[in-house]
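A.B. asks: what would the 3D arrangement of this be:
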Amino acid sequence: MNKTLAVTITAAVVLIFGVFFLYPVGMTLAVAFKDTDGSFTLAYILGVFRNPVYLEGLWNSLMMGIFSTLASIAIAFPLALASHRWIFPGKKLLGVLILAPLVLPPFVGAVGIKQILGVSGSLNALLIDLGMMNPAQPADWLGEGRFWGVVIMNALHLYPILYMNIAAALSHLDPAMAPPSSSSGHSQNWACHSSSTTPASPPSRSTTASRTSTPTPCPTPS
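C.D. replies: Numbering: from 1, shown residues only. A predicted model of the protein is given here:
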């Protein structure tokens, strides 16, 4: 690709991005700082923090983002570590299935969570079959824990983004950083992974976490 074509494509992308994203967002934000007579004001912004309904919404959004990210890490990191460390039957198929939530609409995840955690969902059916729940009084997991239901749905829908970042970080680890114990014939185990391999996921999109560390992997002894 020559320089002229590259500059043209870049300019076209910047123009489209600016017209269809930055301009509408800028106009929307500008209205928030204008009074009815067009003068500058902070009344609308301060009003958000004076309204208990808005404050509750902001707090719920913050907590939902934090716990959704933590839940995504709990799902993505073990999968990325297993995919990086071990070779097993169906590994390629598992890699494809792990990324499936990226191409599924969000409402599909909502329907799935309802089928699992609903009053007539599979979790209640399993607990009833095991004799751990009264069939006449099944638990309403989503009704009693709506916050956690949304967190689970977010985590199951967004963990592939964090998975790809962690997998990319693990793939760039330097085998020369292995501890001496691994080169002396000691077997690999989870203790080795947990003590010498620190998760490193680079800064990513808004739904993922950023963790900075110095990883020291445990390669398979030769």
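A.B. asks: tell me which element residue 165 falls in.
C.D. replies: Element membership for residue 165, per DSSP states H and E: helix 146-171.
A.B. asks: packing partners for that helix?
C.D. replies: Packing partners of helix 146-171 (3 or more CB pairs under 8 Å, 6 or more residues apart in numbering; DSSP states H and E): helix 52-85, helix 106-117. (C-beta placed from N, C-alpha, C; glycine too.)
A.B. asks: among the ones you listed, which is nearest residue 41?
C.D. replies: Evaluated with CB to CB, the helices and strands packed on helix 146-171 place helix 52-85 nearest to residue 41, the distance being 17.2 Å.
A.B. asks: how about the closest one: buried residues?
C.D. replies: By neighbour count, with 16 or more other CB atoms under 10 Å as the criterion, the buried positions of helix 52-85 are 67-69, 71-73, 75-77, 79-81, 83-84.
A.B. asks: got a markdown table for the residues you listed, with distance to residue 15 and pLDDT too?
C.D. replies: Compiled in a markdown table, the buried residues of helix 52-85 are given as follows (distance: CB to CB, whole Å; pLDDT from 0 to 100):
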| residue | distance to residue 15 | pLDDT |
| --- | --- | --- |
| 67 | 39 | 94 |
| 68 | 34 | 92 |
| 69 | 33 | 92 |
| 71 | 39 | 93 |
| 72 | 34 | 92 |
| 73 | 37 | 93 |
| 75 | 39 | 92 |
| 76 | 35 | 92 |
| 77 | 39 | 92 |
| 79 | 39 | 90 |
| 80 | 37 | 90 |
| 81 | 42 | 88 |
| 83 | 39 | 85 |
| 84 | 40 | 83 |
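A.B. asks: so where's this protein shaky on pLDDT?
C.D. replies: Using pLDDT under 70 as the threshold, the predicted model of the chain has low-confidence ranges 1, 174-222.
A.B. asks: let me know the outermost residue of it.
C.D. replies: Most distant residue from the mean C-alpha position of the chain: residue 37, 43.0 Å away (CA atoms, centre = their mean).
A.B. asks: got the phi and psi for that residue?
C.D. replies: Main-chain torsions, residue 37, degrees, to the nearest 10: phi -90, psi 10.
A.B. asks: gap between it and residue 2?
C.D. replies: When CB to CB, to the nearest Å is applied, the distance between residue 37 and residue 2 equals 53 Å.
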